[in-house]
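1. Provide a 3D model corresponding to the input given below.
(one chain, ligands or ions: 1)
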Amino acid sequence: MSDTKNISGNGKHKDSPSGDGGIDRRLIKVSAPATVANLVCGFDILGMALNDPQDVMEVRLLDEPVIRIKHADDYDLPVEPEKNVAGAALIALQEACQKKIGFDVVINKCIKPGSGLGSSAASSAGAVVAANHLLGNIFSKEDLVRFAMNGEKVASGVKHADNLAPCIFGGIILIRAILPLDIIPLSAPPLFVTVVHPQIEVKTSDARQILRKEVQLKSAIMQWGNIAGLVTGFLKNDYDLIGRSLEDVIIEPVRSILIPGFDEVKMNSKEAGALGGGISGSGPSIFMLSKEEQTARKVEAIMKNVFQKIGVEFKTYVTSINQTGVKIVDEK
Ligand code: HSE
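-> From the prediction side, this is the model:
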């Protein structure tokens, strides 16, 4: 457990508010939302931010080129900047900044690592948004996603942005390309999201390793149809089309084997009126979308029932789409 007091003792205002040499010494606290990557058919290219759960982080700017990371939780994550996802993201920002600056960071994770709810993305995104705020917002949100992708590389071995972009921008995001980065926020009708997080850990790197490297043309055609249908459904507020398009013929059949109760949760939730859903990110969390809150609550009961029956510990959330992304919650 870290002692947050170590970095919270300084004054309320910028030490040297004027001139290039001055740095903003305020301690800022940010919240960083959980995210559902892939949105079933859009592997690595679609994602959505959730109102619950959210991580909390505190960041202070330093005038020496160091990055000090502490954890205020019990997850025992690495603190060396190069091995820590927030650290790797801040190193990229530091390099782009070309100034002698550093950061004190305290991370309090409420999004469990290995949950499939964008835990690593929340740490990287929270860190770079906080740092940028202290630097006077010199970088764009796209820049921040680019820096934070270095954190995803540490976490999963691959730079993907389908958790990061929604975490930073909020809402539902299409990442049309990552080289160069092309981020497209999508409008969508109101949706309720039910999530069950079975308390087993699935490492994203392992869940990527098991995927087949080649795809049958007929599967690709079905997947293209579903991605296009899902995006159109969001933009046209067409709930039926959203529901019909929430199908994944490529990734889900392979990964769902790692998740006990997956087929039962999906089938029973749809029978209860959910639009559809699937694996959240690389799992093991499962998410379902509903038009009405009442349906989302029924889906939660179904999820609880399935996991109680199987005898696997779990956590559930009934939440909605987070529209703000990483948010500054306190400055002192
Ligand atoms: N698109 C990534 C994957 C998300 O499914 O591997 C990881 O959270």
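2. for this protein, what spans make up the strands?
-> Taking DSSP state E to define them, one finds strands in the chain at 27-37, 46-62, 67-71, 102-108, 172-178, 181-186, 192-198, 276-279, 286-290, 314-320, 327-331.
3. any idea which of the ones you listed is most buried?
-> Highest mean neighbour count among the strands of the chain (mean count of other Cβ atoms under 10 Å): strand 286-290, with a mean of 28. C-beta here means a position set from N, CA and C on the backbone, and glycine is covered the same way.
4. send the alpha carbons of that one over as PDB?
-> The C-alpha coordinates for strand 286-290 follow below in PDB (Å, rounded to 0.1, in the frame of the first residue of the first chain):
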ATOM      1  CA  ILE A 286     -19.000 -10.700 -20.400                       C
ATOM      2  CA  PHE A 287     -21.200  -7.700 -21.300                       C
ATOM      3  CA  MET A 288     -24.700  -7.400 -22.600                       C
ATOM      4  CA  LEU A 289     -26.500  -4.300 -24.000                       C
ATOM      5  CA  SER A 290     -30.100  -3.500 -23.300                       C
END
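5. residues in contact with whichever residue of the chain sits closest to the ligand?
-> Nearest residue of the chain to the ligand: residue 281, at 3.0 Å (Cβ to the nearest ligand atom). Applying Cβ atoms under 8 Å, 6 or more residues apart in numbering to residue 281 gives the contacts 35, 36, 37, 38, 116, 117, 118, 162, 163, 204.
6. repeat for residue 325
-> Residues near residue 325 by Cβ under 8 Å, 6+ apart: 33, 49, 125, 129, 166, 167, 168, 169, 170, 171.
7. quick check: the farthest pair among those?
-> Spanning the widest gap among the contacts of residue 325 are 129 and 171, at 15.2 Å by Cβ to Cβ.
8. more neighbours: which of these two?
-> Per other Cβ atoms under 10 Å, whichever of residue 129 and residue 171 has more neighbours is residue 129, with 26 against 19.
9. residues in the chain within reach of the ligand, list them.
-> Residues of the chain that fall close to the ligand, judged by Cβ under 6 Å from any ligand atom: 37, 38, 43, 44, 160, 162, 163, 204, 207, 208, 281, 282.
10. thinking the first one is in contact with residue 45, fair?
-> No - the pair residue 37 / residue 45 is not scored as a contact, 9.3 Å apart, by Cβ atoms under 8 Å.
11. residue 181 bridge partners, please.
-> Counting by DSSP bridges, residue 181 is bridged to residue 178.
12. tell me where this structure has helices.
-> Using DSSP state H, the helices of the chain run over 85-97, 119-134, 141-156, 164-169, 204-209, 217-235, 239-245, 252-255, 262-271, 293-310.
13. now render these as a markdown table, adding mean pLDDT.
-> Below are the helices of the chain laid out as a markdown table (pLDDT from 0 to 100):
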| stretch | mean pLDDT |
| --- | --- |
| helix 85-97 | 96 |
| helix 119-134 | 97 |
| helix 141-156 | 95 |
| helix 164-169 | 98 |
| helix 204-209 | 90 |
| helix 217-235 | 98 |
| helix 239-245 | 98 |
| helix 252-255 | 96 |
| helix 262-271 | 98 |
| helix 293-310 | 98 |
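14. highest mean neighbour count out of the ones you listed?
-> Of the helices of the chain, helix 164-169 is the most buried (mean count of other Cβ under 10 Å), at a mean of 32.
15. extract the CA atoms of that one and return them as CSV.
-> Provided in CSV are the C-alpha atoms of helix 164-169 (Å, rounded to 0.1, in the frame of the first residue of the first chain):
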residue,chain,number,x,y,z
LEU,A,164,-7.6,3.6,-24.8
ALA,A,165,-9.5,5.8,-27.3
PRO,A,166,-12.9,5.4,-25.5
CYS,A,167,-11.2,5.8,-22.2
ILE,A,168,-9.7,9.1,-23.3
PHE,A,169,-12.6,10.4,-25.5
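16. elements contacting it?
-> Judged by 3 or more Cβ pairs under 8 Å, 6 or more residues apart in numbering; DSSP states H and E, helix 164-169 is in contact with strand 27-37, strand 46-62, helix 119-134, helix 141-156, strand 172-178, strand 181-186.
17. what mean pLDDT does the longest one get?
-> What that stands for is strand 46-62. In this model, strand 46-62 has a mean pLDDT of 97.
18. surely residue 127 meets residue 92?
-> No - applying Cβ under 8 Å as the test, residue 127 and residue 92 come out as separate, 10.4 Å apart.
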